[in-house]
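>>> Give me the fold of what follows.
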Amino acid sequence: MNLSKRKLGLMLSTAPEHPNLQTVVALSRTALDRSADVYLYLIDDGVAAKDRPEIRELAERGAKLFVCAYGCQKRGIPLSDPDTFTYSGLVVLTDLINGCERFIALN
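Next up, the predicted model:
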């Protein structure tokens, strides 16, 4: 099924060791395979996943990646690689929730 011009939003708030990371990656890959636009927001403990190879692969495939700047600051994670990630706050998360046909939060 071609999902071009459809928008899927995903939010990950759990640490990279949690199985939710693999769920987010699998959902994102499937949506990208079907030509959907994918928007991934990493928040809370999920910000630690930003440098994982599977997350970077999603960016290379066209997913738009957003990372909570406050979550990084709170955990001492540097705001690096601005070409891959957009560092933002809850206003952007709200815009993603409102702007996507489907939004899935993995907590």
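>>> who touches I97 in this structure?
The contact partners of I97, by CB atoms under 8 Å, 6 or more residues apart in numbering, come to G9, F103. In this view, the C-beta of every residue, glycine as well, is placed from N, C-alpha and C.
>>> what does the average pLDDT come to for the helix or strand that contains it?
Using DSSP states H and E, the element containing I97 is helix 90-99. Mean pLDDT, helix 90-99: 95.
>>> now swap in stretch 28-42 and tell me
pLDDT averaged over stretch 28-42 gives 97.
>>> Give the buried residues for the longest helix along the chain.
In the chain, assigned by DSSP state H, the helix with the most residues is helix 20-33. With burial defined by 16 or more other CB atoms under 10 Å, the residues of helix 20-33 counted as buried are N20, L21, V24, V25, L27, S28, R29, A31, L32.
>>> Following element in sequence after it, please.
Following helix 20-33 toward the C-terminus (DSSP H and E): strand 37-42.
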